[in-house]
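K.L.:
this is a predicted model, with the sequence first.
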Amino acid sequence: MTMTMSCNCGKKGIYFRRYSGQVLCRHCFKKYIEKKFLETIRKKYPLKRGERIGCAISGGKDSLAMLYLLAKLREKLRLDVQAILIDEGIMGYREKGIEKAKKFCKENEVPLHIYSFKKAFGIELDEIVKASREIKPCSFCGVFRRKLLNRASNELELRRLAIGHNLDDEVQAILMNYIRGEFERLARSEVEKTELVPRVKPLSEIPEKEVMIYALLKNIDFSPEECPYAELAFRRKIRDFVNELEEAHAGIKFSIARGYRKLVPFFKPTNYALKTCSICGEASAKEVCKACELLGKYKSLLTSA
Ligand code: SF4
Ligand SMILES: [Zn+2]
Ligand SMILES: [Zn+2]
């Protein structure tokens, strides 16, 4: 595929979209991403005028591209957009994301709220990882991050919380949960009602490569760093497998995501009544919330060391 091919509008093509067989110029590519973003919101998460919406950002390409697009929509829908960043305490990685997020939010006039593990739980993820080799950083991190995002949503009185998952993230998560037999998790993203604030994923129908090109074309200054604790081994295999499939059958990522959505009506919603955690006093599905349970385990590891 040579880039001498032209876009439908006659301008020079910069991207060949294999799954639709179209060549797009810079202008039409940006317009297409913006249209897809709006369509996803309209179809899956209709926002109300004047709504206060949170946007979870990390300083990476996906979350900053999402925030850029939401900030653009802000005028039209009179949205009140608030950015939230979770500082897990990962030395050499998180500072870079924070720096990019601060700069972006300042330039785009979006209030930024930083919540840290240290301040909320008295520990950093680095300290947890040092305590034991058996600890899976992402399991701790995921639970604490979710708790802090819920806390932030509550404190900031958000109606919704936008997460920058792209199509590749969605497809990888679907396949990983399916292969591991984690059906509760598989169902969770669509039907679980225990999240305090509904999640919005406006990039979930845009492939990762296209989000990256959009961020570059828009000169979004993002952090390209990857978390050093990322559980990459399995995810990378799934990612490579899906990319190979996509290479041979263009559009398969969309069809995996579509297939998953067809399954959703067959999942039973887990509508269990929310209790109050007996330790931290926040909403929880059990007597003690997952974060307090994990913190207890971490403390017992320290005392037994
Ligand atoms: S990759 Fe794992 S440890 Fe790193 S930020 Fe994400 S969930 Fe946390
Ligand atoms: Zn064009
Ligand atoms: Zn608790």
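P.N.:
Noted; the coordinates are in hand. Ligands and ions are numbered 1, 2, ... in the order given.

K.L.:
can you count the residues close to whatever residue of the stretch 51-200 of the chain ends up closest to ligand 3?
P.N.:
Nearest residue of the stretch 51-200 of the chain to ligand 3: K147, at 7.7 Å (Cβ to the ion). From N, CA and C alone the C-beta is placed, and that goes for glycine too. The number of residues packed near K147 is 25, by other Cβ atoms under 10 Å.

K.L.:
which residues does it contact?
P.N.:
Listed by Cβ atoms under 8 Å, 6 or more residues apart in numbering, the contact set of K147 reads A120, E282, C289, K290, A291.

K.L.:
report how many residues lie close to I57.
P.N.:
With neighbours defined by other Cβ under 10 Å, the count for I57 comes to 27.

K.L.:
assign the nearest residue to it once chain neighbours are set aside to helix, strand or coil.
P.N.:
Closest residue in space to I57, ignoring its immediate chain neighbours: S63 at 4.0 Å, by Cβ to Cβ, 6 or more residues apart in numbering. Secondary structure, DSSP: H, G, I helix; E, B strand; the rest coil: S63 is helix.

K.L.:
you'd agree S63 is up against C55?
P.N.:
Yes. Contact between S63 and C55 holds when scored by Cβ atoms under 8 Å: they sit 7.3 Å apart.

K.L.:
circling back to that earlier point, tell me the contacts of the residue nearest to I57?
P.N.:
Counting by Cβ under 8 Å, 6+ apart, S63 has contacts C55, A56, I57, G164.

K.L.:
what about the last one, which helix or strand?
P.N.:
The one in question is G164. For G164, there is no host helix or strand (DSSP states H and E).

K.L.:
circling back: closest to ligand 2 among the contacts of K147?
P.N.:
A120 (47.3 Å).

K.L.:
that closest one contacts R151, correct?
P.N.:
Yes. Using Cβ under 8 Å, A120 makes contact with R151 at a distance of 7.2 Å.

K.L.:
coming back round to it: any idea which of the contacts of S63 has the most stuff around it?
P.N.:
In the contacts of S63, the most neighbours by other Cβ under 10 Å go to C55, 29 neighbours.

K.L.:
mind checking the SS state of that residue?
P.N.:
What three-state DSSP gives for C55 is strand.

K.L.:
where does the prediction get shaky in the stretch 101-250 of the chain?
P.N.:
In the predicted model, the stretch 101-250 of the chain carries pLDDT under 70 at residues 188-195, 231-232.

K.L.:
contact residues of it facing ligand 1?
P.N.:
P137, C138, C141, G142, C227, Y229, A230 (Cβ under 6 Å from any ligand atom).

K.L.:
again, 5 Å this time
P.N.:
Residues of the stretch 101-250 of the chain lying near ligand 1 by Cβ under 5 Å from any ligand atom: P137, C138, C141, C227, Y229, A230.

K.L.:
can you report how many residues lie near the last one?
P.N.:
Okay, so that is A230. For A230, the count of nearby residues is 13 (other Cβ under 10 Å).

K.L.:
run a quick neighbour tally on the closest residue to ligand 2 within the stretch 201-305 of the chain.
P.N.:
Residue of the stretch 201-305 of the chain nearest ligand 2, by Cβ to the ion: L217 (12.6 Å). L217 sits with 15 neighbouring residues when counted by other Cβ under 10 Å.

K.L.:
thought it was touching C25?
P.N.:
No. With contact defined as Cβ under 8 Å, L217 does not count as touching C25 (10.6 Å).

K.L.:
do a quick rundown of the strands in the stretch 201-305 of the chain.
P.N.:
Secondary structure of the stretch 201-305 of the chain (DSSP state E, counting those that start in this stretch): strands located at 275-276, 283-284.
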